[in-house]
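K.L.:
With the sequence up front, the predicted model follows.
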Amino acid sequence: MITFRVLGPLTAEDQRGPVDLKGPRHRAVLARLLVARGRVVPMDTLVADLWEDPPDGAAGAVQTFVAALRKALEPDRPPRAPARLLVTSGPGYALRPDAVDAWRFEDAVAGTPEQIEEALALWRGPAYAEFAGEPWARGEIARLDELWLLAVERHAAALLDLGRAAETVPDLEAHVDGHPWREEGWRLLALARYRTGRQGDALDTLRRARRILADEMGVDPGPALRELEADILAQVPTDEPTPVTLVGRTGELARLAATRARLALVAGEAGAGKTALAETFAAHLAARGWTTAWGANPDDEGLPAAWPWTTILDALPGTAPEPDPVAARGHRAVAAYLGEHAPLLVVLDDLHWAGEETLALLASLVLAPPPQRVLIVGTYRTTDVPPPLRDFLGRVARAEPERVYLTGLPRPAIPDLVRATTGRDIDADTAALIHRRSGGNPFFVRELARLLDTGDLSDVPAGVRDVVRHRVATLPAPVQDVLRRASVQGMDVAEDLLPGDALDALETATRRGFLTERAPGRFRFAHVLVRDTLYEDISRTRRARWHAETAAALEQMRSAEVAALAHHFLLAGNGSAAARYARAAAADAERRFAPHQAVRWWRVARDHGAPDDHVTAGLARTLAVTGDLAGARALRAELLSSAPALVAFDVPALWTDPDDPVLARRIATAAEHALDDGPPPALRSRLLATIAVELRNTGDERARAVAREAEEIARGLADPAALAFALNARFLQSFDRAGLAPARAGIGAELAAMRDLVPFEVLGHLILVQTGAALADLPTADRHAEAADNLAAEHEIPLVGVFTDWYRALRASITGAPAATAYRAAAQRLHGTGMSGVDNGILGLALLCDRLHRGLPPIDTDFGAHEPWCRPLVAPGTAPVPPAPRDLLFEVRSCLHALVAIDRDDRAAMTRLYEDLLPAENELAGAGSGLVTLRPVAHYLAELATALGHDAAAHRAKAAEVATRAGAAHWLRRGHTG
């Protein structure tokens, strides 16, 4: 069967792979016939369409093109046998194709949401890309483009119906930018923004649509857009969450609402959200019939005494008494007047700026309270408590006010605040970065959020910079100087590294909220953004000088702090000293398993020191752990002449296909040569393990033997790292036959217990994920996937999540849950990792297997390295299917081969496959990869036994047992189809 693809460049594929469609005229003939959709195209029409000015002999040329195409499309057609695909009919030709992606696309667009998603995956567009300028193609191109636009909109509508509005926004933004006349696109985008709490953005979207439609087409928006705009303006509820007005302060708001005190004091640093909390609390009480009177304490001179009270009393109806701050009678008059307006909330904002008169009247009202149902809320900065406010707080303490202290928001609240500020959704890593840089301060979070579209989160937002500079300017000059010096040290500040006696200045800075005291002589900046503002305001020349002075003091007093020394010498411009300490810092980071730090210091040592194989090996090793596999491979190629450096790359390997087979063979050869020198046992074990690891899928009994020897030697050494590497080699050489998942589980358990070797501990958990899935023990696999994810999160190992994401898609496939979307998401994460040994058609294999075991027809897609076992199930033919390589996918490829062999009645192949698969009867086919699965191996053994005329009852019983153990009862209901 041949599949034609026109949704993008024109291609054709049969069971052998891509078909050579010859030159541009041949391709044009084929495209013209495909556009006709099976109808006959007369010769004179073909000639007119192919040439603007047809040459003599044009008809003969067309016949030549057709003959060449027939040979390419039907290479096995006997001589003089009639063509089946490209046929002669009457005055011309017609194409009767087996499958065309555009036809499948057209059928799927009218189908279910899952089918629409599959349709969009077919689009490599634009349709008939290379013929866009041809008049004969324009109508079909326009028709298919319109269907594609419809599919995009239907897919977005389906996601909205599923409550996944945020996912639709990026695609819909691109959709309306490219197709501004599509009113449905504008409607869906506005609705998605409204449902994600972005009411203003939703209205702005509708205004843009109105403007574009009027300016470019001279029409008003249709009824659907007008109706949506009316709903948004009327705030018609949706099923989606409403915008958050106060984020992360639910507990504090509840305390205010429940208080029985006469005074509530809300305290926190600048930007902590004190005023926002008071405003939200006022709105809460207003809904219950309370009145609010608000008085602010402006930092202005020349205002009358007790000015905030004047604003409060003037805001209430009636004739207010003068807020006499001295006379007790005046105090009682104010209290009585407030009582007349109960229930009443009185808010005095920014008490740190309040004068003595304002505070005196407030203290009188608290200590000799007004009638019930008058509550006073006062806000102030904990970093600015002048003497009048300090005295006031002491006076009112006996009234036991409700005290609410606002600290930084927790990290889970950051995405909500960013969404409320910008309408954007952010991922967990971005939220963590914003939380780290802001300390959870809501003002800082909002300012950083605004950099998401316009700047870099490592910058200091202009608003934050202005606030910090203003606050620093209020400090005495000696304190400012010490803070600037301290910023050179970083976030953590040591008193003994500052010149002179800096303690008084450090204490003042602490009282004012710039620093926190962590231990005697040890301080820390309260916020990264405060430190960064101070540091960036220092000239580069002065920075370098102060870094050099700090490095000299540190070298004299605490020479063991190698990372700090490398840092300061590097920024001081002393490259040789920086390189010397960077080597030590990198080694220390690896001992602590801080691989990202190790990468940084190995780079410094490599860039600023003399060439060194030890440094290169260290950098290669840590690059691999942190996810830069391509960079690691490039460095490894430099180390082939050094046996110690060669084996220093003891990075765990999980997959049985190497990412660079040529380099793997070179490394194995170099290790073999190094063995000739008679190395000591520790080095010999590592060289043997290196050979076994690099020959993971191309080795023979020799590779398995060296893996066993490496382990035997390592067990006699007091070197856990050597043993871990040897066990990794054993694992990669444990695929010489099917059914070895239990043996690999033992290896995984031993590695997972190596708590001091985090990379190999993670490897152990991932092996146990694979073996748990293979043995249909999903709870065990789940537990180890979670353990691997936890270690990866703790130590920032990015590639672990690639495998656990694939496992969870596999798990969904096993249990009958929708899996295609999860597989595609996992594949997206796999792309770009450099793991080409894994990412070579694995998505196509996974989707094919998922559909087969669900009883669905296979889909034609890219199968990469798995083409020989997948293609015959999509396009049945006679091409031979090779034996499956002995690797992680041996069972699944063999089961696919079994389906083909049964269909072809290939008894020799069926007999061999039955014998190969029998040891894995207790496993799920392919699940040992942790990535893909078919049904239980016993199911395919039963099919083979039946086809061979043997009794299959025992196999069917075993298949039912394994399926039940896996929680895959749906397989039992579907019977025995593939």
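P.N.:
The structure has been received and is ready for your questions. Numbers count the residues shown, from 1 in each chain.
K.L.:
Just the buried residues of stretch 352-368, please?
P.N.:
Of the residues in stretch 352-368, 352-355, 357-366 count as buried by neighbour count, 16 or more other C-beta atoms under 10 Å. Using the backbone N, CA and C atoms, a C-beta is placed for each residue, glycine as well.
K.L.:
Would you check that Thr280 makes contact with Leu253?
P.N.:
Yes: using C-beta atoms under 8 Å, Thr280 is in contact with Leu253, at 6.1 Å.
K.L.:
where do the contact lists of these two overlap?
P.N.:
Leu246 (C-beta atoms under 8 Å, 6 or more residues apart in numbering).
K.L.:
Find the nearest non-adjacent residue to Asp756, please.
P.N.:
Pro720 (6.8 Å; C-beta to C-beta, 6 or more residues apart in numbering).
K.L.:
If I look at the one you found, what pLDDT would I see?
P.N.:
pLDDT recorded at Pro720 is 94.
K.L.:
what's around it, how many residues?
P.N.:
Look at Pro720: counted by other C-beta atoms under 10 Å, it has 14 neighbours.
K.L.:
Check Leu635 too.
P.N.:
Per other C-beta under 10 Å, the neighbour tally for Leu635 reads 22.
K.L.:
Next up, identify which helix or strand it is on.
P.N.:
helix 629-636 (DSSP states H and E).
K.L.:
one step back: save the buried residues of stretch 352-368 as a markdown table, and put in secondary structure too.
P.N.:
Listed next are those as a markdown table, based on DSSP: H, G, I helix; E, B strand; the rest coil:
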| residue | secondary structure |
| --- | --- |
| His352 | helix |
| Trp353 | helix |
| Ala354 | coil |
| Gly355 | coil |
| Glu357 | helix |
| Thr358 | helix |
| Leu359 | helix |
| Ala360 | helix |
| Leu361 | helix |
| Leu362 | helix |
| Ala363 | helix |
| Ser364 | helix |
| Leu365 | helix |
| Val366 | helix |
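K.L.:
So which of those is the closest to Phe649?
P.N.:
Proximity of those to Phe649 (C-beta to C-beta) peaks at His352, which lies at 59.0 Å.
K.L.:
could you measure the closest one against Arg390, distance?
P.N.:
To Arg390, His352 is 10 Å away according to C-beta to C-beta, to the nearest Å.
K.L.:
Give me the contacts around the helix or strand where Glu712 lies.
P.N.:
Secondary-structure assignment from DSSP H and E places Glu712 in helix 701-715. By C-beta under 8 Å, 6+ apart, the surrounding residues in contact with helix 701-715 are 681, 684-686, 688-689, 691-692, 695-696, 722-723, 725-727, 729-730, 732-733, 736.
K.L.:
Give the buried subset of those as a PyMOL selection command.
P.N.:
Under the burial definition 16+ other C-beta under 10 Å, those of the contacts of helix 701-715 that qualify are selected in PyMOL by:
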select buried, resi 684+685+686+688+689+691+692+695+696+722+723+725+726+727+729+730+732+733
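K.L.:
Does Ala12 belong to a helix, a strand or coil?
P.N.:
Judged by three-state DSSP, the three-state class of Ala12 is strand.
K.L.:
excluding its backbone neighbours, what's nearest it?
P.N.:
Using C-beta to C-beta, 6+ apart and skipping the chain neighbours, the partner closest in space to Ala12 is Val19 (4.2 Å).
K.L.:
Check Glu796 too.
P.N.:
Among residues not flanking Glu796 along the chain, His596 sits closest, at 5.6 Å (C-beta to C-beta, 6+ apart).
K.L.:
So that neighbour, which state does it fall into?
P.N.:
Three-state call for His596 (three-state DSSP): helix.
K.L.:
And Tyr405, by the same measure?
P.N.:
Following three-state DSSP, Tyr405 is assigned to strand.
K.L.:
try the one 3 residues further on
P.N.:
The three-state label given to Gly408 by three-state DSSP is coil.
K.L.:
Contact partners for His831?
P.N.:
His831 sits next to Asp839 when contact means C-beta under 8 Å, 6+ apart.
K.L.:
circling back: can you list the residues that contact the helix or strand following the helix holding Leu635?
P.N.:
Scanning forward in sequence from helix 629-636 by DSSP H and E, the next helix or strand is helix 643-647. With contact meaning C-beta under 8 Å, 6+ apart, helix 643-647 is reached by 613-614, 616-617, 639-640, 667, 670-671, 674, 677, 679, 683, 686-687, 689-690.
K.L.:
list the buried ones in stretch 407-423?
P.N.:
Neighbour-count burial for stretch 407-423, counted by 16+ other C-beta under 10 Å, picks out 408-409, 413-423.
K.L.:
ok, now stretch 252-260?
P.N.:
For stretch 252-260, by 16+ other C-beta under 10 Å, it's Glu252, Arg255, Leu256.
K.L.:
One more: stretch 145-152?
P.N.:
By 16+ other C-beta under 10 Å, the buried positions in stretch 145-152 come out as Leu147, Trp148, Leu149, Ala151, Val152.
K.L.:
swap in stretch 474-489?
P.N.:
Going by neighbour count (16+ other C-beta under 10 Å), the buried part of stretch 474-489 is Leu475, Val479, Gln480, Asp481, Val482, Leu483, Arg484, Arg485, Ala486, Ser487, Val488, Gln489.
K.L.:
Give me the neighbour count for the residue nearest to Ala12.
P.N.:
Val19 has 19 neighbouring residues, counting by other C-beta under 10 Å.
K.L.:
ok, it touching Ile2?
P.N.:
Yes: the pair Val19 and Ile2 qualifies as a contact (C-beta under 8 Å) at a distance of 6.7 Å.
K.L.:
any chance of the buried residues of stretch 252-260 in JSON lines, plus distance to Leu265 and pLDDT?
P.N.:
Listed next are those as JSON lines, based on distance: C-beta to C-beta, whole Å; pLDDT from 0 to 100:
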{"residue": "Glu252", "distance to Leu265": "12", "pLDDT": "89"}
{"residue": "Arg255", "distance to Leu265": "11", "pLDDT": "88"}
{"residue": "Leu256", "distance to Leu265": "11", "pLDDT": "90"}
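K.L.:
will you turn the residues you listed into a markdown table that also has distance to Leu233 and secondary structure?
P.N.:
Shown next, in a markdown table, are those (distance: C-beta to C-beta, whole Å; DSSP: H, G, I helix; E, B strand; the rest coil):
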| residue | distance to Leu233 | secondary structure |
| --- | --- | --- |
| Glu252 | 32 | helix |
| Arg255 | 36 | helix |
| Leu256 | 32 | helix |
